[in-house]
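Peer 1: With the sequence up front, the predicted model follows.
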Amino acid sequence: METTLRCPRDGAELSARHLGGRIHGFRIEACEKCKGTWFDRGELRRVTHDAAIERMIRDYAASAPNPIACVRDGSPMKRRKIEDVEIDVCAKCGGFWVDGGELEALEAAARDVETGEKGHPSLYQALSPRDVAILAWIAPDTLTKLQHETSRGQF
C-alpha cells in the first residue's frame, strides 16, 4: 500500500499526474492548492531531457536552513537557486520540490534563449560565473549549446 504524500508547503494531499506515453510514461505528484510539484529522482531529468541539469541542481544544493522536509522520507531539504528560482532538493532520496510557477519560470528563461528575445538577458548571460564553471565541468555539451544559441544573430 502506497503512503499518501503531503505538500511540504501547505500540508494538502498531493495528487498524481501521469506524463508521457503508456509504456514510457511516469507519474509526478502535484499540489492542487499551491501548484507545487514533487519529482522523484530521475523524473526531472525525464521532463527536461537533460541529466546534467538534474545532477547540477542536486549536487550543488546548499544546506542553508530550509522550512520544508522531503515528502518521501521527511529529511531536511537543501536549496539550489538558479536565476530567480529556488528548487528544494532531498539529499537522501534525490527528489525535488518545485513551487508553483517555478517550472514555468525556468521554461520561460529557456525559451528566451531559443527565441533570442530582446530586452532580456539570455539565460547564458544571466548565469553567474560559478554556474558557468559548473556547467563547463559537468555538462560541457549543454554549455556549448547554450553559448551557441545565445550567439546566433537575429534574421
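Peer 2: Received, thanks. Predicted, not measured: the structure shown is a model, and the values here were computed from it. Numbers count the residues shown, from 1 in each chain.

Peer 1: Do a quick rundown of the strands in this structure.
Peer 2: 15-19, 26-30, 37-39, 77-82, 85-90, 96-98 (DSSP state E).

Peer 1: Name the residues of stretch 75-93 that are buried.
Peer 2: 77-80, 82, 85, 87-90 (16 or more other Cβ atoms under 10 Å). Just so you know, the C-beta spots here come from the backbone N, C-alpha and C atoms, and that holds for glycine as well.

Peer 1: Apologies, that question was intended for stretch 61-76.
Peer 2: Residues of stretch 61-76 classed as buried: 61, 66, 68-72 (neighbour count, 16+ other Cβ under 10 Å).

Peer 1: go on, stretch 40-51?
Peer 2: Applying 16+ other Cβ under 10 Å to stretch 40-51 flags 40, 43-44, 46-48, 50 as buried.

Peer 1: Tabulate the strands of the chain (JSON lines), appending distance to residue 130.
Peer 2: Below are the strands of the chain laid out as JSON lines (distance: least, Cβ to Cβ, whole Å):
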{"stretch": "strand 15-19", "distance to residue 130": "31"}
{"stretch": "strand 26-30", "distance to residue 130": "29"}
{"stretch": "strand 37-39", "distance to residue 130": "24"}
{"stretch": "strand 77-82", "distance to residue 130": "11"}
{"stretch": "strand 85-90", "distance to residue 130": "16"}
{"stretch": "strand 96-98", "distance to residue 130": "20"}
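
Peer 1: Looking at those, spot the one closest to residue 105.
Peer 2: strand 85-90 (5.2 Å; Cβ to Cβ).

Peer 1: low-scoring stretches of the protein, by residue?
Peer 2: Applying pLDDT under 70 to the chain picks out residues 1-2, 83, 106-126, 146-155.

Peer 1: Let me have the buried residues of stretch 40-51 in TSV, adding distance to residue 103 as columns.
Peer 2: Formatted as TSV, the buried residues of stretch 40-51 follow (distance: Cβ to Cβ, whole Å):
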residue	distance to residue 103
40	15
43	12
44	9
46	13
47	8
48	9
50	14
